[in-house]
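Asks: sequence isn't available, so here's the structure alone:
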């Protein structure tokens, strides 16, 4: 029985779906909330809110190419960007200092 419980421990959490082509991601200290998201192909309106104590960025990249860029935001700031994304797997990351290595990364799956 213990093996059955442990088998599920490595599974990634269910991605949070965008609603009506809109998605909000909060920046907290060295994490994105939600960290795993899903959206339909086409136009995505993304709002990024910094709820952390430090400045953070958000980059969305695919195959080493940056697709979306939210520049450095101070605590309390909010930015909304719109992008057209093709189906695929994308990486979310904060490009400041070592924030990505500290856990500030995630995934976006576009279907």
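Replies: Now that the structure is in, tell me what you want to look at. Please read all numbers here as calculations on a predicted model, not as lab measurements. Residues are numbered from 1 along each chain as shown.
Asks: only C-alpha atoms from now on, for both contacts and neighbour counts.
Replies: Fine.
Asks: residue 106 and residue 89 touch, don't they?
Replies: No: between residue 106 and residue 89 no contact is recorded; they are 10.7 Å apart, counting by C-alpha atoms under 8 Å.
Asks: those two: who's more crowded?
Replies: residue 106 (19 against 14; other C-alpha atoms under 10 Å).
Asks: dump the residue contacts of residue 80.
Replies: Counting by C-alpha atoms under 8 Å, 6 or more residues apart in numbering, residue 80 makes contact with 45-48.
Asks: for this protein, which segments count as strands?
Replies: For the chain, applying DSSP state E gives strands covering 16-17, 22-28, 31-33, 36-39, 42-50, 56-62, 65-73, 78-85, 88-93, 105-110.
Asks: which of the contacts of residue 80 has the most neighbours?
Replies: Sorting the contacts of residue 80 by how many neighbours each has (other C-alpha under 10 Å) puts residue 48 first, at 21 neighbours.
Asks: relative to residue 100, how far out is residue 46?
Replies: 20 Å (C-alpha to C-alpha, to the nearest Å).
Asks: alright, I will stop here.
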